[in-house]
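Student: I would like the atomic coordinates for the input below:
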Amino acid sequence: MMEDKGTPSAAGAEASDYNEFDPAEYLQCFYSAEVTCLEEEDSFMCWILSRLHRAFSEGDVRGDLLVDVGSGPTLHQVLSGCELFNKVILTDFLEVNRKELKLWLHGGSKMDWTSYLKRVCELEGRSPSEWTQKAARLRQVVTDILPIDVHRPQPLAHDALPSAGADCLVSSFCLEAASPDLASFSRALGHIGGLLRPGGHLLLIGALEHSYYIGGAGVRIPVFAVNEAQVCDSLKQNGFTLIRLEVFQVSAETIPDKLSAVVDAKGICFVKARRN
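Tutor: Below you'll find the model as predicted:
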């Protein structure tokens, strides 16, 4: 097992920004019903869930093992993929986030993911009432929740994955939040690419031109303001072939006031790419 240190190896000064990170406050701030508006087809979270559903349903993303890089305390990013893979590994740098994920797995979390589960069931052409089966499926296939450091050349413990690597990686709002600059962002992308088998797929969700987010009461965490061109260049430099990149434009008209008060992102990008 990787030694679970309290600071990132290469994030340097950014480590202290996460000392007071509060999963409950973060979930309330970004994933509560009044923010995500899952009943509205054009909300940013419905956009994310629909892109994930599409990517996982096109037939080319498949295999045995799905790894979620930098899960945070969230699960929405694996709700479609859990149906296709026999094993799902969740990961995060912060122990408090891993504890929150474990609480959900064992039925003890205060965060209610029911509306997300119902929404993804609808995207899959199933009745929303089947959300309990989807929740059971996710609990069944999650085999581990591990510490990860994307700034290390080997982000996970050396024996965490099969020697061939994962068949698919998902990463949502992680790399830009963990990186102080473009060089660190690109290196981190290369590091996680090493977890993926050749021909495997990366599904990357990230904020564009975003400088900070709120990680708890009074906790303002800086974010590297990556743009679309930099994402594309970093993928190419690290041995990925871009299949598709889509952008959700963030504006006063597309996100609720409560969210616009705590983020300054210009957009959200969704990337589907394949490792060469």
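Student: how about the helices of the stretch 51-200 of the chain, start to end?
Tutor: 95-105, 114-123, 131-141, 175-178, 182-193 (DSSP state H, counting those that start in this stretch).
Student: counting contacts, what elements does the first one pack onto?
Tutor: Contact here means 3 or more C-beta pairs under 8 Å, 6 or more residues apart in numbering; DSSP states H and E; on that basis helix 95-105 packs against helix 23-31, strand 87-92, strand 142-147. In short, each C-beta sits where N, CA and C put it, glycine included.
Student: Let's have the helices of the stretch 51-200 of the chain in JSON lines, adding mean pLDDT and mean neighbour count.
Tutor: Output for the helices of the stretch 51-200 of the chain, formatted as JSON lines (pLDDT from 0 to 100; neighbours: other C-beta atoms under 10 Å):
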{"stretch": "helix 95-105", "mean pLDDT": "98", "mean neighbour count": "18"}
{"stretch": "helix 114-123", "mean pLDDT": "98", "mean neighbour count": "19"}
{"stretch": "helix 131-141", "mean pLDDT": "98", "mean neighbour count": "16"}
{"stretch": "helix 175-178", "mean pLDDT": "96", "mean neighbour count": "24"}
{"stretch": "helix 182-193", "mean pLDDT": "98", "mean neighbour count": "20"}
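Student: In TSV, list those helices along with distance to Gly200.
Tutor: Shown next, in TSV, are the helices of the stretch 51-200 of the chain (distance: least, C-beta to C-beta, whole Å):
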stretch	distance to Gly200
helix 95-105	23
helix 114-123	22
helix 131-141	17
helix 175-178	17
helix 182-193	9
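Student: Can you list the strands that the strand ranked longest in the chain pairs with?
Tutor: Secondary structure of the chain per DSSP state E: the longest strand is strand 196-208. Paired strands of strand 196-208, with direction, are strand 166-172 (parallel), strand 267-275 (antiparallel) (DSSP bridges).
Student: Sweet, I'm off.
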